[in-house]
Each structure stands twice: as C-alpha cells, then as structure tokens.
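**Student:** predicted model and sequence follow; I will ask about them next.
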Amino acid sequence: MVFSNAKSGISARVIERDLEITYKCAWRMLTLIRSVLRQSEETLYGDVEVDTGYFGGKGNAGTNNEHLSAVMKDKSVVFAAIQRKKATRAEVTENAGAKAHKNFVWKNVSTKNTRLMTDRSNKFNRIALPYERHAVNHSRGEYVRGDAHVNSAENFWSHVKGSIRGTHKKVSKKYLQSYLDGFVFHANNRGSDRARFFSLLDTVLRDRAD
C-alpha cells in the first residue's frame, strides 16, 4: 500500500524506519516489488510523444562547454514514449544515437493511426519516415505549435528527476531501469489509488505464482 501511494517514490530508509526492519531488508523489499513491474509490450498509437532524457553524471561542462562531451558520457541516456492520456514507456539505452532512437521508437510506437510528436532532433529524420511526424523546434524557442508538443514527456522526466533528487538522492545506472519501471507503473495507473493498489497486488501475486 505504501509503495502504491508513493507516486514520487519511497526510499528504503523510510521503509526501514516505518516497519522497524533493517535497511537491507527494506531495500530488498522495494527491489523485488520494482522487479515485477515490467512494462507492457503493446505498441502505442494515436498522439505519441517521444523524448530523450539524461540522468546522473557529474562534473562541470566549462564556460564554453569544452568538457561537455565528458560530462554527457557519464550520464545515463533514457527514452520515453507517451501516448497522450493513455500509456507511458521509458527505457534506458546505451547511447543517444540514431540507431538507439530507431530501436526504441519502432519497438514501442505503431506506424498505423499515429501522429509522432518529437523535437527537431535530426536523430528522428529517417526513422520517423513511416510516421506522420510533428516536430517543435526548441532551439528557436518553439515548444508548442497547435497540439504539437512533447510537454507530456518533458513533464514525466521532470517528475522522475525531481522524485529521484528528493526521495532517492541518486540512482546508479545499474538500477535506473528498475526505478523507471516503478515510475511508469504509477504513470499508467494514476487514475485511482484503489485501482492502482489492486493492480500492484495482482502483479506481485501473479509473479510469485509463476
């Protein structure tokens, strides 16, 4: 119930204190819960926003960004695809290259009955050819054009990053996908606290039965 209601995540320290158990036990409990929250493999359609995010890392890029490549290399690259008002997918990837974009988009987004919403990154130019693409140009200060935008995806990233900073402080690359699975679960079950709890309970019980 506690995990189900913790839309911004819950730390093992809180579980340790509230349940009066060891930190190791609390951390294992949360890790096991996240491990069963596998994301759906059904493709998204309709108005689907796709955006890239960067997590973690440290260092200063320098006054003129002379160290930017080194700083970015230390970060985790993540993709999100959001079917507006319906479903979210989020995935850690090895890099932000065009091939990684293609693998993520083609796996998660249907080419039928879909309007693909992106920014103007040229990484999408070729892979978006099978789609009806609508792109906004952030570099020119354009964030919305009609109903074309990636605000839902950017809001998702903002929520995840804020929750990690405020609740978990930091998350290693090794466990980032597991944490993203937890945030995606909450995003996809945001309508009702009761329904979300029973969805979580059903998922855990079915996994234990397998």
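**Tutor:** Arrived safely, thanks for sending.

**Student:** would you map the helices across this protein?
**Tutor:** Under the criterion DSSP state H, helices of the chain are mapped to 2-5, 12-19, 23-35, 68-73, 98-108, 151-163, 173-188, 193-209.

**Student:** switch these over to JSON lines; also include mean neighbour count.
**Tutor:** Heads up, the C-betas are built off the backbone N, CA and C, glycines and all. Shown next, in JSON lines, are the helices of the chain (neighbours: other C-beta atoms under 10 Å):
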{"stretch": "helix 2-5", "mean neighbour count": "16"}
{"stretch": "helix 12-19", "mean neighbour count": "15"}
{"stretch": "helix 23-35", "mean neighbour count": "15"}
{"stretch": "helix 68-73", "mean neighbour count": "13"}
{"stretch": "helix 98-108", "mean neighbour count": "17"}
{"stretch": "helix 151-163", "mean neighbour count": "18"}
{"stretch": "helix 173-188", "mean neighbour count": "19"}
{"stretch": "helix 193-209", "mean neighbour count": "13"}
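
**Student:** pipe those into CSV and attach mean pLDDT and distance to Val48 per row.
**Tutor:** Putting these into CSV (pLDDT from 0 to 100; distance: least, C-beta to C-beta, whole Å) gives the following:
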stretch, mean pLDDT, distance to Val48
helix 2-5, 86, 27
helix 12-19, 93, 34
helix 23-35, 94, 25
helix 68-73, 61, 26
helix 98-108, 96, 8
helix 151-163, 95, 9
helix 173-188, 94, 14
helix 193-209, 85, 23
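
**Student:** same list (the ones you listed) but as TSV, adding distance to Thr43.
**Tutor:** Converted to TSV, the helices of the chain look like this (distance: least, C-beta to C-beta, whole Å):
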stretch	distance to Thr43
helix 2-5	27
helix 12-19	35
helix 23-35	24
helix 68-73	30
helix 98-108	6
helix 151-163	17
helix 173-188	15
helix 193-209	21
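
**Student:** in this protein, which residue is most central in space?
**Tutor:** Using C-alpha atoms, centre = their mean, the residue of the chain that lies closest to the mean C-alpha position is Ala90, 3.6 Å off.

**Student:** who's in contact with it?
**Tutor:** Residues in contact with Ala90, defined by C-beta atoms under 8 Å, 6 or more residues apart in numbering, are Gln39, Val78, Phe79, Ala80, Ala81, Phe156, Val160, Leu180, Asp181, Phe183, Val184.

**Student:** what about 6 Å?
**Tutor:** For Ala90, the contacting residues are Ala80, Leu180, Val184, by C-beta atoms under 6 Å, 6 or more residues apart in numbering.

**Student:** can you count the residues close to the first one?
**Tutor:** In other words, Ala80. 26 (other C-beta atoms under 10 Å).
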